[in-house]
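>>> Predicted model, plus sequence, below.
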Amino acid sequence: MMKKIVFVALVALAFLDLTATAFAKEAKSSGSSSQGVEMDASLVVASAPASGFDTGLGVNFGLGVRLPQIDKNLQARVDLSYISWSATEFDVNVDYTRVPIFVGARYFIPTQNDKLKVFVEGGLELSFDSVDVVFPPFGRSSESEVHLGIVPGAGIEVKIAPNLGIVAGARWHLITDDYLTLQGGIVYHL
C-alpha cells in the first residue's frame, strides 16, 4: 500500500513540476505577475464511502493558474489525489482506493487581510476506483471502475512567507459512493 502512495506521489509531483514550469514561463513571457501560478500538496482525511469502511487517508497534489483575463480572483485548477480505505468483516478484508482527478475553478473571495485568502471551488472529478477483496481460504478478487462526478468545496489559505502558505479545505465528492474530504497542506506560489 505504501509503495502505491509513494509512486502516485512521485508521478504527481513530476507532472505538476513540468506543468507549473510551463505555466510559469508563459506567465513571465506575457508579463503576468509571479503570483499567478501555484502548486500545493496536502494530506487528506476522507469520510467512509460506504458503511463498514474506516476513515480514509491519502494525499493531494494541485496546480492552480490565475485567470486575470476573466477575473483577477478566479483560478483554474487541476488536482490529483490518492485516497485509500479499508474494512474487515467476518475475516474478509476489503481495500478500496480512489485516484480522483479534479478539474475545475477556485474563486478567492476578496478580504481586507492580505495574509488570509478565503475561497470556494467547484469542478468535475474523474475517479479511478479499485476494490480488492481477500477471502482467506479462497484468495483475492479485484475490480476496477471509472466514475464521473461533481465536487463543490471551500477553504482558506494563510500566507506564512512571500511565496509560501498553509492551505486547508473541504470538498464534497458527489460521485458513486460519495464522500467528504478534509485536507491540509502547503502551497507554493511560483
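Structure's in. What do you need? Numbers count the residues shown, from 1 in each chain.

>>> Going by residue numbers, what spans are strands in the protein?
37-46, 56-66, 74-89, 92-109, 116-135, 139-161, 164-173, 179-189 (DSSP state E).

>>> Please state the offset of the first one from the chain centre?
Translated: strand 37-46. 6 Å (CA atoms, centre = their mean, to the nearest Å).

>>> For it, report the contacting residues that lie outside it.
13, 16-17, 20, 23-24, 27, 55-66, 75, 81, 83, 85, 167, 169, 179-190 (CB atoms under 8 Å, 6 or more residues apart in numbering). Where you see a C-beta, it was placed from the backbone N, CA and C, and this is true even at glycine.

>>> Whichever of those end up buried, select them in ChimeraX.
Here is the ChimeraX command that selects only those of these that count as buried (16 or more other CB atoms under 10 Å):
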select :16,20,23,24,27,56,58,59,60,61,62,63,64,65,66,75,81,83,85,167,169,179,181,183,185,187,189,190
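
>>> picking that back up, so can I have TSV of the strands of the chain showing mean pLDDT?
Converted to TSV, the strands of the chain look like this (pLDDT from 0 to 100):
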stretch	mean pLDDT
strand 37-46	97
strand 56-66	97
strand 74-89	94
strand 92-109	95
strand 116-135	95
strand 139-161	94
strand 164-173	97
strand 179-189	97
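
>>> what's the distance between the closest residue to L126 other than its chain neighbours and P136?
Closest residue in space to L126, ignoring its immediate chain neighbours: I101 at 4.9 Å, by CB to CB, 6 or more residues apart in numbering. The gap separating I101 from P136 is 34 Å, by CB to CB, to the nearest Å.

>>> Same question for D79.
Counting by CB to CB - D79 and P136 are separated by 37 Å.

>>> Alright, calling it a day.
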